[in-house]
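**Student:** One predicted model, sequence on top.
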Amino acid sequence: MFYIVDGASEWIVIAFESLALALVMNRIEARQSSVGDMFILLNLFSLVVSPLQFFINLFDGKRESLLNATRLRRIMELPCETTDGTKTLELSGRGCEVEFKNIVFSHRGAATTTLDGLNLHIRAGTRVGIIGSSGSGKSTLAGLIMGDYKVQSGELLIDGHNITDITRESIHANIARMNQAPHTLTRTVRENIQLGRMEATEQEVIEACRLAKIHDAINDKPHRYDTVMGKDGGPFSGGQCQRLCIARLLLQTNARLVVIDEGTSAIDPRTEAVVLENLKTRFKDKTMIFITHKMSTLRHLDSIVVLAPGGRIMEQGSHDELMAKRGEYYELRCMNEGLEPQPLLEIN
Ligand SMILES: Nc1ncnc2c1ncn2[C@@H]1O[C@H](COP(=O)(O)OP(=O)(O)OP(=O)(O)O)[C@@H](O)[C@H]1O
Ligand SMILES: [Mg+2]
């Protein structure tokens with residue numbers, strides 16, 4: 001019904017105007033009214049139309065609100081997606097172990113299989129980097145770990161438990177993720193950072209911001225930590241916004257697995273080095289997964305996984321191992337540094 005009424009207000013006004021004009025024209029033709037009468041009538045008509053328009057707009061606003069409320073009610077009535085989990089993660093004080101066992105996953109409507117039999121074992125307490133071409137499935141992998149998507153075939157084990165047996169609450173309590181697209185709310189800087197841990201004190205928020213190298217940029221704003229942010233991260237730059245999200249991540253001190261998806265892509269190398277070091281110190285002994293296109297992020301990690309489209313693992317090893325292998329990682333490194341790759345036999 002609301003859709004039919006949509007836009008009707010303008011048509012009602014136009015119809016009234018046309019009718020009035022036609023009547024006056026008729027009377028002028030029949031010499032029962034003068035042209036002056038017509039102008040008087042049109043002026044009177046405009047006096048009536050304005051309040052009429054006001055009420056019609058009011059009705060339009062009410063209609064819009066009712067439509068939104070109906071949509072909201074429908075969303076709230078949807079069944080919760082993951083209600084099957086019953087077990088909780090067993091806390092051991094160290095990092096989580098993650099194992100992808102022959103995982104097959106396709107996004108809805110995707111023409112190709114996103115992850116086609118991924119096998120990857122991430123040991124507890126290690127720092128692993130994942131690099132690979134755009135669209136190779138890196139963020140999808142992170143989404144599977146967080147329970148954003150359901151595994152379609154194969155098994156995803158966290159600390160030996162199938163992810164389908166783990167409650168959503170346990171996942172969120174034990175795993176912290178920084179998304180590739182940083183999200184901010186139209187709230188103050190303080191509130192945006194406290195999304196990491198709602199009960200974090202002012203001191204803890206400031207400490208996290210110092211470690212994320214964003215404290216000074218916040219203090220440069222006239223309202224400092226009370227600055228209201230936009231959904232696009234404004235009034236902060238892209239790199240500053242990433243650092244704000246890192247501060248939020250640093251507050252998640254209970255996390256045993258930290259997944260950072262392109263979290264430092266817009267940060268300058270000098271600042272990135274400090275921030276990465278602070279992250280590693282804060283999450284000492286915890287499992288950390290760094291998804292990145294930046295070589296600088298990968299260098300000092302325990303293991304690096306090079307992913308190809310379809311989630312196929314091309315190479316895996318430490319920086320030194322992969323450099324010595326002179327394969328894909330080595331070529332990416334050379335490209336990054338503007339060097340000509342050398343064939344393995346010519347080197348010594
Ligand atoms: N919501 C979605 N619906 C349909 N297809 C999707 C969706 N999200 C990702 N894909 C597709 O899945 C594939 C893997 O996407 P993913 O975001 O995991 O890649 P990525 O390796 O993180 O890429 P990038 O390096 O650009 O961030 C891509 O082909 C992408 O188009
Ligand atoms: Mg991605």
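**Tutor:** Looks like it came in fine. Ligands and ions are numbered 1, 2, ... in the order given.

**Student:** List the contacts of stretch 202-212.
**Tutor:** Residues from elsewhere that reach stretch 202-212 (C-beta atoms under 8 Å, 6 or more residues apart in numbering): 190, 193-194, 196-197, 200, 215, 218, 225, 243-244, 246-248, 250-251, 275, 278-279, 282. Bear in mind the C-beta positions are built from the backbone N, C-alpha and C, glycine included.

**Student:** Output the below-cut-off pLDDT ranges for the chain.
**Tutor:** Along the chain, segments meeting pLDDT under 70 span 1-10, 79-93, 343-348.

**Student:** Geometric centre of it: which residue is closest?
**Tutor:** Ala181 (4.2 Å; C-alpha atoms, centre = their mean).

**Student:** Could you look up the SS state of that one?
**Tutor:** State at Ala181, reduced to three classes by DSSP: H, G, I helix; E, B strand; the rest coil: coil.

**Student:** same check, this time on Ile313
**Tutor:** Of the three states, Ile313 takes strand according to three-state DSSP.

**Student:** Is it in contact with Leu120, as I believe?
**Tutor:** Yes. Contact criterion C-beta atoms under 8 Å: Ile313 and Leu120 qualify, at 6.5 Å.

**Student:** Touching both of the two, which residues are there?
**Tutor:** Shared contacts of Ile313 and Leu120, counting by C-beta under 8 Å, 6+ apart, come down to Val305.

**Student:** who has more neighbours, those two?
**Tutor:** A count of neighbours by other C-beta atoms under 10 Å puts Leu120 above the other of Ile313 and Leu120, at 19 against 15.

**Student:** Flag every residue of the stretch 51-200 of the chain that's near ligand 2.
**Tutor:** Within reach of ligand 2 by C-beta under 5 Å from the ion, the stretch 51-200 of the chain has these residues: Lys138, Ser139, Gln180.

**Student:** Buried ones among those residues?
**Tutor:** Lys138, Ser139 (16 or more other C-beta atoms under 10 Å).

**Student:** Return the member of the residues of the stretch 51-200 of the chain next to ligand 2 nearest to ligand 2.
**Tutor:** Checking these against ligand 2 with C-beta to the ion, the nearest one is Ser139 at 3.1 Å.

**Student:** The closest one contacts Asp261, correct?
**Tutor:** Yes. The criterion here is C-beta under 8 Å, and Ser139 meets it with Asp261 at 5.5 Å.

**Student:** what sits in contact with each of the two?
**Tutor:** Gln180, Ile291.

**Student:** Just name the closest of the residues of the stretch 51-200 of the chain next to ligand 2 to Leu339, please.
**Tutor:** Lys138 (24.8 Å; C-beta to C-beta).

**Student:** Trp11 and Phe59, how far apart?
**Tutor:** Separation of Trp11 from Phe59 (C-beta to C-beta, to the nearest Å) stands at 14 Å.

**Student:** what's next to stretch 22-31, contact-wise?
**Tutor:** The contact list for stretch 22-31, computed with C-beta under 8 Å, 6+ apart, reads Ser33, Ser34, Val35, Asp37, Met38, Leu41, Leu42.

**Student:** Do a quick rundown of the strands in the chain.
**Tutor:** 98-105, 115-122, 127-132, 153-158, 161-162, 175-178, 257-261, 287-291, 303-308, 312-317 (DSSP state E).

**Student:** Kindly list the longest helix within this protein.
**Tutor:** The longest helix of the chain (DSSP state H) is helix 35-77.

**Student:** thought Ser106 was touching Thr140?
**Tutor:** No. Assessed by C-beta under 8 Å, Ser106 is found out of contact with Thr140, at 9.4 Å.

**Student:** out of the two, which sits in the busier spot?
**Tutor:** Legend: neighbour count by other C-beta under 10 Å for Ser106 and Thr140, higher for Thr140 (21 against 16).
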